[in-house]
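A.B. asks: Quick one, structure for this:
(2 chains)
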Amino acid sequence: MNAAVSARPVLSVRNVTIALPQGADREHAVENISFDVNAGEILCLLGESGSGKSVISFSVMGLLPDNVRVASGEIWLGDVNLLALTPTQLREIRGDDVAMIFQEPMTALNPVMTCGDQLDELLAEHTELSASERKAKTLAMFEAVKLPEPERIFSSYPHQLSGGQRQRIMIAMALILEPKLLIADEPTTALDVTTQAEVLTLIKTLQRERGTAVLFITHDMGVVAEIADRVVVLQQGKQVEAGTKNQVLREPREAYTQMLIASVPGIEPPAERQTHAGSAVLAIKGLGKTYSSGGWLQKKRETVAARDVNLALHPGETVGIVGESGSGKSTVARCITRLIDPTTGEMMLGGTQLDTVHRDSLKLARKRIQIIFQDPYRSLDPRQRVGEAIIEGPLNFGVSREVAMARARELMNFVRLSPDVLSRYPNEFSGGQRQRISIARALALDPEVLICDEAVSALDVSVQAQVLKLLEEIQAKLNLAILFITHDLRVAAQICDRVIVMQKGLVVEEGATRDVFLAPQHAYTQRLLASAPGRGFEFHKAAA
Amino acid sequence: MNATFKRVLKNGAVRFGLIILSVLFLIALAAPILGTVDPAWLDAVNMNQKPMAQVDWTGPDNQTAPRTLVMGTDSFGRDIYSRVIYGARVSLTVGVTVAIVSLIIGTFFGLMAGYFRRVDAILMRVMDGMMAIPGILLAIALVAAWGARLSTVIIAIAVPEIPRVTRLVRSLVLSIREEPYIEAAVSIGTPTWKILMKHVLPNSIAPMIVQGTYVCASAILLEAILSFLGLGLPSEIPTWGNIMAEARVVFSSAPHNMWFPGIFLGLTVLAVNVLGDGLRDTLDPKFNKRGGAR
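C.D. replies: I've put the predicted structure just below:
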């Protein structure tokens, strides 16, 4: 290749506008998007949900749904105009020149083929290598993506591997044909934070070694800070800002980018946090949950989801439970709400023995502990008007319909929604609005304890900031005790008075948030904190 | 809800099915005023007349008058047009009643089995047992025991459908009860029966309606088969099945005896199935077409 050719960007997107079918919520998925990705460079497309970032990657791969089309503009891969290619030519380019990694590795891999066979098939299709050469190359690739025991992985099926390992297989598949361009669409969003850190490092190392151009799509400012060379910010299909990582993250010019960056919670806990003494509203001693399966015909198997959890929660206090998937943090929440029954331990709610109450007294105890779930799209009954959802609790406790409805209107104001929308169905609301409705539904019962089970994790960062602010206001007004369960260290740092760190069902560390975050004692806590993406950037300060 | 209704009515298959079925229902309701005679009446002079034959017809009132036999007569001299039109009543009654009965009972069992683990273990084994009984065999036994009445035929057809509906509803309930909105309802103190009625049932209704149309179609067919085998209603009450059974003997000389009820039967089952497909496409989220880009 001569110098003139290699100076040309690997991918050049020129004034691309993509039209949505009639009846969609807007006319264009994206409008007038222009950017270049050069060899050996990582360009991040940063945007919240609905920004059109994934549509752009689909259009580069020629994978747009039939009713969505590129209305104008050009997409050049080197000197090939991708939009002018036939489907057959596009198929050759995919894999050979462009490869893609998706968010969910389990659905992107074929579950009935071994991992080795899936890479072998690619090589057989696209190269002239012999069977033994293909195997050697595949094993070398597994080695390169730092998979343990490449021989074993070669003959393993996807379901036998962990999420991080599957994503490594995906990366191996994407890079084995040495494409010029790698498109990564939220590749680490489904992974735990420690795994995410490893995968990000891996992508960066491989990309540097091979000089691959990477188009990296993400909503996570921390990931951008870790991996990007340059950043393009999208909002509602429009290109807001573009520049190098430092320009965009440290000196954002546009108001939208500034707002986004200001919304990212800082990982350093604020200094002033009051301590809460006195009698705890919720006290948990030695809580444990063991799942056992089989027994009669099969061999009995036991899984310990949580073991020996102790916790005291005072009025007005926020205690965080932090951990990765499988740490048992949600099990604890579900035991406290008695959605599942704990195997061992004692739970005291005020003067009530929560773990043994039954029937009527359990119903009364439930009223005092309310829970908000992660997924705003599934935590409201799609066939129930939101007003009915909010008054359902009070009606269960004998409040009259008129009184409950009047209270629902008050609560809607309280969570910053118009009381006039009470007669609508949940599908007319956005994720953040639904989460507010869920909060109103929980508050309708005047609880003493509010459990937030990853309550802001599914929300865009700007919406997340608003909901967190709302929760703090509610707590101040009602003197609520909040148990905040999250995998997001930044969120925990900002809103928790104390945190409990869990790993594999065990509490490994607990203490005041500032102590745990600034001087972690346990090795796991240290690793967790070191893995938090974008540690070097203090987003709050950059935007101020 | 209103928007869903409009969206369903926009679907071509739903429209096609609804139009044909409405016409058939109107025909069945208006049977006495559509120029028919008593379907059991026989005029021995006019046996095995061809369709569109112009004859002097002696009616039930013993008056003889000229009449055009649109679909001809059978080997007893009964007017096939009248028999086919009246036969629609039996087929549609059986189809709709079986669908409603088996949906109500099956839904009740399905809700119980899906929501309560203990009930599930026992009830589903009973349902497995019921699935093992061939429908036609059960019908033969019931008709033999209770005699050939409309109610017997309906029960005989509905009973084997119940386990299928139960299984469907159970599987829907199993996935719905894991939804966070059910857990939310539990934690705001909603009693179990109310959760079943207000949250679980409304969210499983769409696939149930779809299943109901398929039950209806197969019930209509099964009724025709039972009648054809001589296990259904006696021949004084015309059904498409027993008209065709009697036509079988004379099929080579008078095929129209078979054709007309056959066409009506086929059209009805087709309309119900097309309606079911259309409803499935519009109501069942699994079959929703991929919308715009996300």
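A.B. asks: Without its sequence neighbours, what residue ends up closest to whatever residue of the stretch 101-250 of chain B ends up closest to chain A?
C.D. replies: Taking Cβ to the nearest Cβ as the measure, the stretch 101-250 of chain B has B:Ile188 as its residue closest to chain A, at 3.4 Å. (Glycine included, C-beta is placed from N, CA and C.) Nearest in space to B:Ile188, with sequence neighbours left out and distances taken as Cβ to Cβ, 6 or more residues apart in numbering or on different chains, is A:Gly393 at 3.4 Å.
A.B. asks: Now do the same contact list for the residue of the stretch 101-250 of chain B closest to chain A.
C.D. replies: With contacts defined as Cβ atoms under 8 Å, 6 or more residues apart in numbering or on different chains, the neighbours of B:Ile188 are A:366-367, A:370, A:392-393, A:396, A:441-442, A:444-445.
A.B. asks: Just the ones of the residues you listed in helices?
C.D. replies: Taking DSSP state H as the definition of helices, these contribute A:366-367, A:392-393, A:396, A:441-442.
A.B. asks: filter the residues you listed to the buried ones?
C.D. replies: Among the ones in helices among the contacts of B:Ile188, the ones that count as buried by 16 or more other Cβ atoms under 10 Å in any protein chain shown are A:366-367, A:392-393, A:396, A:441-442.
A.B. asks: after the helix of greatest length in chain B, next one along is what?
C.D. replies: Selection of the longest helix in chain B by residue count, based on DSSP H, yields helix B:80-115. Going down the chain from helix B:80-115, the next helix or strand is helix B:117-131, by DSSP states H and E.
A.B. asks: Just the residues contacting that following helix, thanks.
C.D. replies: Residues lying outside helix B:117-131 but in contact with it, judged by Cβ under 8 Å, 6+ apart, are B:109, B:112-114, B:159-160, B:162-164, B:166-167, B:170.
A.B. asks: on that earlier part again, I'd like to know which of the ones in helices among the contacts of B:Ile188 is nearest to chain B.
C.D. replies: Within the ones in helices among the contacts of B:Ile188, distances to chain B taken as Cβ to the nearest Cβ reach their minimum at A:Gly393, with 3.4 Å.
A.B. asks: mind showing which ranges of the stretch 151-294 of chain B have poor pLDDT?
C.D. replies: B:284-294 (pLDDT under 70).
A.B. asks: For residue 136, what is the enclosing helix or strand?
C.D. replies: In the absence of a named chain, chain A is used. A:Ala136 is located in helix A:131-144, with elements delineated by DSSP H and E.
A.B. asks: I was thinking of chain B, sorry if that wasn't clear
C.D. replies: When elements are defined using DSSP H and E, B:Ile136 is found to belong to helix B:135-146.
A.B. asks: before we move on, the earlier item: quick one: average pLDDT of the helix holding A:Ala136?
C.D. replies: Per-residue confidence for helix A:131-144 averages out to 92 on the pLDDT scale.
A.B. asks: Next, the buried residues of that helix.
C.D. replies: Under 16+ other Cβ under 10 Å, the buried positions of helix A:131-144 are A:134-135, A:137-139, A:141-142, A:144.
A.B. asks: Output the following helix or strand past it in PDB, but only the C-alpha positions, please.
C.D. replies: In the C-terminal direction, the helix or strand that comes right after helix A:131-144 (DSSP H and E) is helix A:150-154. Once non-C-alpha atoms are left out, helix A:150-154 reads as follows in PDB (Å, rounded to 0.1, in the frame of the first residue of the first chain):
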ATOM      1  CA  PRO A 150      -7.400 -22.500  24.200                       C
ATOM      2  CA  GLU A 151      -7.700 -26.300  23.400                       C
ATOM      3  CA  ARG A 152     -10.500 -26.700  25.900                       C
ATOM      4  CA  ILE A 153     -12.300 -23.600  24.700                       C
ATOM      5  CA  PHE A 154     -12.000 -24.800  21.100                       C
END
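A.B. asks: how about the residue nearest to B:Leu201 when sequence neighbours are not counted, what does it touch?
C.D. replies: Counting by Cβ to Cβ, 6+ apart, the nearest residue to B:Leu201 once its immediate chain neighbours are dropped is B:Leu111, at 7.0 Å. When contacts are counted by Cβ under 8 Å, 6+ apart, B:Leu111 touches B:169, B:173, B:196, B:200-201.
A.B. asks: What segments of the stretch 201-350 of chain A are helices?
C.D. replies: In order along the chain, the stretch 201-350 of chain A carries the following helices (DSSP state H, counting those that start in this stretch): A:221-227, A:245-250, A:255-263, A:329-336.
A.B. asks: hang on, the earlier thing: farthest-apart pair in the contacts of B:Leu111, please.
C.D. replies: When Cβ to Cβ is used, the two most widely separated members of those are B:Val169 and B:Leu196, lying 11.1 Å apart.
A.B. asks: Looking at those two, which is more packed in?
C.D. replies: More neighbours surround B:Val169 than the other of B:Val169 and B:Leu196, with 26 against 20 (other Cβ atoms under 10 Å in any protein chain shown).
A.B. asks: Confirm for me that that one is in contact with B:Ser204.
C.D. replies: Yes: applying Cβ atoms under 8 Å as the test, B:Val169 and B:Ser204 come out as touching, 6.2 Å apart.
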